[in-house]
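In: Need a 3D model of the following:
(3 chains)
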Amino acid sequence: MKESDNFFERVYGVARLIPYGRVTSYGEIAKYLGAARSARMVGWAMNSSGKHEDVPAHRVVNRKGLLTGKHHFDGTNLMQQLLESEGVVVENNQIQNFEEIFWNPTKELS
DNA sequence: TGTATGACGCCGC
DNA sequence: CGCGGCGCCATAC
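Out: You can find the predicted model right below:
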């Protein structure tokens, strides 16, 4: 529709590259896209991920490992359910062993 | 065209 | 060490 969609699509592309049972942060994705200061835009792109079913937005959290976007999903703990379903330990909306399951696109994709 | 918002991140206190 | 406020980029109204 527009070139602007390319920005969103780019975010979806990286999000889709997130391995199973792994998570990443908006900032890392933004940084990978070259827009480290646009970490918020990454989250916004995720907001539109509703039309992109192949985008595992539930694997994307903030740099603290908190499921900040969980409130944006179905309005319930769907996001946490999906993460736990993948083997990710989540407690109190916070991912346990976050650094352990953290997936760095810039490093992994180099 | 301008203002306000936003699923974040970093600096400061 | 913990909590708060400001800043940045892009989209939507």
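In: Next, give phi and psi for the nearest residue to A:Lys70 once chain neighbours are set aside.
Out: Excluding its sequence neighbours, the residue lying closest to A:Lys70 (C-beta to C-beta, 6 or more residues apart in numbering) is A:Met79, at 3.8 Å. Quick note: C-beta positions are derived from backbone N, CA and C, even for glycine. Main-chain torsions, A:Met79, degrees, to the nearest 10: phi -60, psi -50.
In: Surely A:Met79 touches A:Leu67?
Out: Yes - at 5.3 Å, A:Met79 counts as touching A:Leu67 under the criterion of C-beta atoms under 8 Å.
In: Could I get the contacting residues of the residue nearest to A:Lys70?
Out: By C-beta atoms under 8 Å, 6 or more residues apart in numbering, the residues touching A:Met79 are A:Ala57, A:His58, A:Leu67, A:Gly69, A:Lys70, A:Phe73.
In: Output the residues you listed in CSV, with secondary structure, neighbour count and distance to DNA strand B appended to each entry.
Out: Output for those, formatted as CSV (DSSP: H, G, I helix; E, B strand; the rest coil; neighbours: other C-beta atoms under 10 Å; distance: C-beta to the nearest atom of the strand, whole Å):
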residue, secondary structure, neighbour count, distance to DNA strand B
A:Ala57, helix, 23, 4
A:His58, helix, 24, 7
A:Leu67, coil, 23, 8
A:Gly69, helix, 18, 2
A:Lys70, helix, 21, 7
A:Phe73, coil, 17, 6
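In: of all those, which comes closest to A:Tyr32?
Out: In terms of C-beta to C-beta, no member of these lies closer to A:Tyr32 than A:Ala57, at 16.0 Å.
In: hang on, isn't A:Ala39 packed against A:Gly27?
Out: Yes - using C-beta under 8 Å, A:Ala39 is in contact with A:Gly27, at 4.3 Å.
In: Give me the average confidence score over stretch A:17-29.
Out: In this model, stretch A:17-29 carries a mean pLDDT of 95.
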